[in-house]
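Novice: no FASTA, just this:
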């Protein structure tokens, strides 16, 4: 185990996308988080530094309890880090959810409003902000993007889990977000639905050009979707690895996942996650 | 903040989820009529055995005629309206005040610690015991009636709302914030609708209590209403009228329950099992 720690860490810093330096969408410096727990304050993350570039698809991985969701909540402005931490969205310090940054939660059932139909759920963030016509247009467009146009008038409980999660995604897309924060969005879905939704998400990502930060505990999912995978390690956690995924886009569930590059990265990420645990 | 544990005594059942609500939904009219059989038998036996001159058990056939006088001079209608007015204002006030207090207490642990012991104490006080003090402080009038009814009905609504607030999932609030909803919008579009089932369940529990207490206050204080008429008829030895008025009171209670049931199935038609023809 010890022997392969070093080379992995070295490769991780080498980013080789030949692009004109894109802007940072998120920039975190010296980020620490303490959460109240039964035994007083528990330090979840300590001195984390990372950035997310504009248009990038970044996944955050780590063992359970490593603070993946906490980190995402901080980027989404739903949780405040310890004083002294810096979290910037473009040049603005994040305090409260930044405009254009929408979080999609794992628990779709708890995040949709059961008393609203699908289309009214999708319209929630637009009400009072855009004209009636524009609202209708954007709702229809978002529902079309997740292929749910036919279920617009249904209440959420009539939909399957995968469809409900699509509704939540559509609700985010209707806001025309520049950043999507996804917290294990497919974690509660069956394998078939999951792969379908992964491809839909990639399609949406290509169509909208949004920046995506994706939390997951599924290595294949992270590699399949992302440009870069950040791995949280330790307790309190820090970013142990940052693995660039160079597989070409568009990706394919079979081809990409069987390519040699993918398999090598898969091993690397597994080892990074398992590090310090046996 | 998420699900209440099974041991939580405040755990309120969603209106759609309670077994009672579901079983009444499924009952067809035939078994319901069959359920009236014991009552029919009882009244028939009473009719056969009772004598029209009896000071205690006048037969049911005499009850109707005993009401004719009251109906013709308008006293019955006035009494029914007075009782319904007290009931509606009392339950309405209890709903508004109870829901607001429940929201405050459920949302703030500090307020909960400060106020819950008082609530537990006040809840345990029998409303009937408050009548003498209420008449002393407020006199024999409508305000006094409404106050007693409100105080009796408020607890079920307050405690259900409190439990409802605690059951709201943090994810729902986070989602609303992430979608850029302001505080007022979050309360209006997310928190209030999310609490409605819990508040309404409280109202369903409180409504029969409010009916009972309205009649009780009227019987005790003789302030206008069906209860006052019952007490008056009893004191003037008109047993047939007493029985007839008790039937009127029962009918009012059924009416209230029926109306609330209709409101419930309309407002909560989005819930699974509420929508017609879906399951």
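Specialist: Received, thanks. Here the structure is a predicted model, which is why all the values come from computation and not from measurement.

Novice: Next one: residue A:248 from residue B:74, what distance?
Specialist: Using Cβ to Cβ, to the nearest Å, we find residue A:248 at a distance of 89 Å from residue B:74. C-betas here are computed from N, CA, C, even on glycine.

Novice: With residue B:120 instead?
Specialist: 45 Å.

Novice: repeat for residue B:260
Specialist: Between residue B:260 and residue B:74 the distance is 28 Å, computed by Cβ to Cβ.

Novice: again, but for residue B:145
Specialist: On the measure of Cβ to Cβ, residue B:145 and residue B:74 end up 20 Å apart.

Novice: I figured residue B:230 hits residue B:249, correct?
Specialist: Yes - using Cβ atoms under 8 Å, residue B:230 is in contact with residue B:249, at 7.3 Å.

Novice: what's the overlap in contacts for those two?
Specialist: Each of residue B:215 lies in contact with both residue B:230 and residue B:249 under the rule Cβ atoms under 8 Å, 6 or more residues apart in numbering or on different chains.

Novice: Could you list which residues are in contact with residue B:211?
Specialist: With the criterion set at Cβ under 8 Å, 6+ apart, residue B:211 makes contact with B:87, B:249, B:252, B:253, B:256.

Novice: which among those residues gets closest to chain A?
Specialist: Using Cβ to the nearest Cβ, residue B:256 comes nearest to chain A of the contacts of residue B:211, at 24.9 Å.

Novice: Can you say which helix or strand has the closest one in it?
Specialist: Using DSSP states H and E, residue B:256 sits within helix B:239-267.

Novice: quick one: that helix near chain A?
Specialist: No - against chain A, helix B:239-267 shows no contacts by Cβ under 8 Å from any Cβ of the partner chain, the least distance being 9.0 Å.

Novice: Does that helix pack against any helices or strands, and if so which?
Specialist: With contacts taken as 3 or more Cβ pairs under 8 Å, 6 or more residues apart in numbering or on different chains; DSSP states H and E, helix B:239-267 sits against helix B:61-72, helix B:75-107, helix B:192-221, helix B:226-235.

Novice: can you do 10 Å?
Specialist: Judged by 3 or more Cβ pairs under 10 Å, 6 or more residues apart in numbering or on different chains; DSSP states H and E, helix B:239-267 is in contact with helix B:19-26, helix B:61-72, helix B:75-107, helix B:192-221, helix B:226-235.

Novice: Just the buried positions in it, please.
Specialist: B:239-245, B:248-249, B:252-253, B:256, B:260, B:264-265, B:267 (16 or more other Cβ atoms under 10 Å in any protein chain shown).

Novice: and what of stretch A:23-31?
Specialist: Buried, per 16+ other Cβ under 10 Å, within stretch A:23-31: A:24, A:25, A:26, A:27, A:28, A:31.

Novice: I'd like to know which helix or strand in chain B has the lowest mean pLDDT.
Specialist: When the helices and strands of chain B are compared on mean pLDDT, DSSP states H and E, helix B:19-26 comes out lowest with a mean of 45.

Novice: tell me the contacts of residue B:223?
Specialist: Residues counted as contacts of residue B:223 (Cβ atoms under 10 Å, 6 or more residues apart in numbering or on different chains) are B:82, B:86, B:135, B:139, B:140, B:141, B:142, B:144, B:145, B:217.

Novice: The first one touches residue B:224, doesn't it?
Specialist: This points to residue B:82. Yes - applying Cβ atoms under 10 Å, one finds residue B:82 in contact with residue B:224, separated by 4.5 Å.

Novice: where do the contact lists of these two overlap?
Specialist: Counting by Cβ under 10 Å, 6+ apart, the residues touching both residue B:82 and residue B:224 are B:142, B:145, B:218.

Novice: Now restrict the residues you listed to buried residues only.
Specialist: For the shared contacts of residue B:82 and residue B:224, buried by 16+ other Cβ under 10 Å: B:142, B:145, B:218.
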